[in-house]
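Peer 1: need coordinates for the following:
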Amino acid sequence: MRVLFVSNLFPPDIGGPATHISRLAAELHERGHAVRAVVCTDGDTGPGPEPYPVKRVSRRLPVPLRFAHVFAWVWRWALRSDIVYVNGLELPAVFGGAAAFKPRILKVVGDFAWEYATRQLWTSDTIDEFQTRRYAIKVELVRLAQMLYCKFATRVVVPSLYLQGLVGGWGVPPRKVVVINNALTSSPEIRIGPDKLRRSVGVDGPMVLTVARLYSWKKIDDLIRMSLSFGPDATLVIAGDGPERGFLESLARTEGARAKFIGAVPQADVYSYLAAADVFVLNTSYEGMSHVLLEARWAGAKIVTTAVGGNLEILEDRINALLVDYGDHEAMIEAVRALLSDRSLGCRLSDAARQGLAQYRWDRLVEETVSLCKATAGIA
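Peer 2: Residues are numbered from 1 along each chain as shown. Reported below is the predicted structural model:
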């Protein structure tokens with residue numbers, strides 16, 4: 001099978017999407033499939049270390065020119081491919097594949113229109129509120145673009161039932177939408193001992209950890225304010241980077257919060273941080289299916305998070321985590337304090353979190369993806 005991958009994020013970029021697409025492409029290459037990739041990069045656009053062809057398009061190009069380059073390369077390489085697998089750069093990638101008359105699989109991990117409108121400060125609504133409301137023409141145009149590339153995809157892959165419902169609400173026929181749960185892309189390993197890690201971070205008391213991209217919908221600002229009530233010796237450790245970092249660091253100083261920003265953590269070290277934390281908290285307003293919650297479960301972290309989106313599909317309240325309603329700050333504080341003070345509760349949730357992870361195995365995701373690609377391309 002000849003597969004063309006298209007992604008906006010690709011190593012050396014870090015994070016779930018970059019890791020997912022590069023690992024999936026490498027796995028298919030190792031299995032003997034002919035793999036190519038069209039990706040965007042901040043740096044060198046020359047050949048990389050991958051054992052298959054990769055065309056890198058610079059993000060420094062103006063968006064119209066960048067999209068034109070992506071469209072041209074996708075069209076060119078799609079002519080020699082059986083299937084186009086799109087995990088970013090959706091508009092030029094889906095239409096580039098369509099122009100080559102090749103089937104297109106589109107992976108949708110969130111509502112791009114809502115994320116874009118939120119980043120541009122065009123709306124402060126939650127993702128669920130966004131689905132049922134109408135906005136200014138600039139927002140509706142982004143929505144229209146998203147609806148079009150979803151409808152022009154041959155199949156749409158989503159990681160959760162929650163996202164399946166969202167995509168259906170955009171007018172995509174249910175028969176086109178397939179759920180393939182996310183998976184851990186690497187063999188988890190605790191590479192740094194808890195004591196050494198805590199010393200390196202400078203934590204000498206209870207450590208409350210969050211790992212997230214620093215975007216507004218992760219609600220790190222509210223978490224910083226809540227951390228003042230976690231306990232006199234508790235330190236909030238914030239792993240991750242993003243456009244809100246400067247604002248959040250300033251907020252932490254103003255509020256007098258015991259908060260440490262450690263920036264983006266190498267993917268291989270995330271498990272070590274999760275295992276070292278006394279509590280892992282994710283105060284998010286939305287998740288499609290969170291990679292970091294899967295990682296937290298594997299690490300046996302004591303999890304507190306919001307009862308939103310895909311979180312409800314991988315966690316059960318008081319079974320393997322403590323779930324609170326989004327926006328209920330008192331409940332979030334009480335949940336964190338409960339896990340910091342009740343060791344038996346934490347151990348029970350931690351032990352349960354490690355159970356039932358078989359459905360999130362990487363080999364399962366690969367098998368389901370290969371089967372879908374073959375079926376979509378009409379390959380026996």
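Peer 1: which residue ranges of the protein form strands?
Peer 2: If DSSP state E is used as the criterion, the strands of the chain fall at 2-7, 34-41, 54-58, 83-87, 104-107, 155-158, 177-179, 207-211, 235-239, 259-263, 279-282, 303-306, 322-324.
Peer 1: looking at these, which one is packed in the most?
Peer 2: Taking mean count of other Cβ atoms under 10 Å as the contact definition, the stretch among the strands of the chain with the greatest mean neighbour count is strand 83-87, which reaches a mean of 28. Any C-beta I mention is one placed from the backbone N, CA and C, and that applies to glycine too.
Peer 1: in the stretch 101-250 of the chain, what spans have low per-residue confidence?
Peer 2: Counting by pLDDT under 70, the stretch 101-250 of the chain shows no low-confidence range.
Peer 1: what segments of it are helices?
Peer 2: 112-119, 127-130, 137-152, 161-169, 194-201, 220-227, 245-255 (DSSP state H, counting those that start in this stretch).
Peer 1: residue 287: which of those helices is closest?
Peer 2: Smallest distance to residue 287 across the helices of the stretch 101-250 of the chain (Cβ to Cβ): 8.3 Å, for helix 161-169.
Peer 1: tell me how many other residues crowd the residue nearest to residue 306 when sequence neighbours are not counted.
Peer 2: Of all residues beyond its chain neighbours, the one nearest residue 306 is residue 326 (4.4 Å), with distances taken as Cβ to Cβ, 6 or more residues apart in numbering. The criterion is other Cβ atoms under 10 Å. On that basis, residue 326 has 21 neighbouring residues.
Peer 1: got TSV for the helices of the stretch 101-250 of the chain, with mean neighbour count and distance to residue 211 too?
Peer 2: Rendered in TSV, the data for these read as follows (neighbours: other Cβ atoms under 10 Å; distance: least, Cβ to Cβ, whole Å):
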stretch	mean neighbour count	distance to residue 211
helix 112-119	20	19
helix 127-130	17	20
helix 137-152	16	27
helix 161-169	18	21
helix 194-201	14	13
helix 220-227	21	11
helix 245-255	14	14
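Peer 1: just send those helices back as CSV, with distance to residue 102 too.
Peer 2: Formatted as CSV, the entries for those read as follows, by distance: least, Cβ to Cβ, whole Å:
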stretch, distance to residue 102
helix 112-119, 23
helix 127-130, 32
helix 137-152, 12
helix 161-169, 22
helix 194-201, 47
helix 220-227, 41
helix 245-255, 40
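Peer 1: nearest to residue 268, out of those helices?
Peer 2: Between residue 268 and the helices of the stretch 101-250 of the chain, the shortest gap by Cβ to Cβ is with helix 194-201, which sits at 13.1 Å.
Peer 1: so how many other residues sit close to residue 74?
Peer 2: Residue 74 - counted by other Cβ under 10 Å - has 30 other residues nearby.
Peer 1: what residues are up against the closest residue to it other than its chain neighbours?
Peer 2: Residue nearest to residue 74 in three dimensions, not counting chain neighbours: residue 96, with 3.1 Å by Cβ to Cβ, 6+ apart. Contacts here follow Cβ atoms under 8 Å, 6 or more residues apart in numbering; on that basis residue 96 touches 6, 70, 71, 72, 73, 74, 75, 78, 84.
Peer 1: farthest residue from the center of this structure?
Peer 2: In the chain, the residue that sits farthest from the middle, by Cα atoms, centre = their mean, is residue 232; the gap is 32.4 Å.
Peer 1: now do that residue against residue 38, distance only.
Peer 2: Taken as Cβ to Cβ, to the nearest Å, the spacing of residue 232 relative to residue 38 amounts to 53 Å.
Peer 1: try residue 200
Peer 2: Relative to residue 38, residue 200 is positioned 39 Å away (Cβ to Cβ).
Peer 1: contacting residues for the residue nearest to residue 306?
Peer 2: Neighbour list for residue 326: 126, 284, 285, 306, 307, 308 [criterion: Cβ under 8 Å, 6+ apart].
Peer 1: ok, now how distant is the closest residue to residue 379 other than its chain neighbours from residue 176?
Peer 2: On the basis of Cβ to Cβ, 6+ apart, the spatially nearest residue to residue 379 that is not a chain neighbour turns out to be residue 1, at 5.7 Å. Between residue 1 and residue 176 the distance is 20 Å, computed by Cβ to Cβ.
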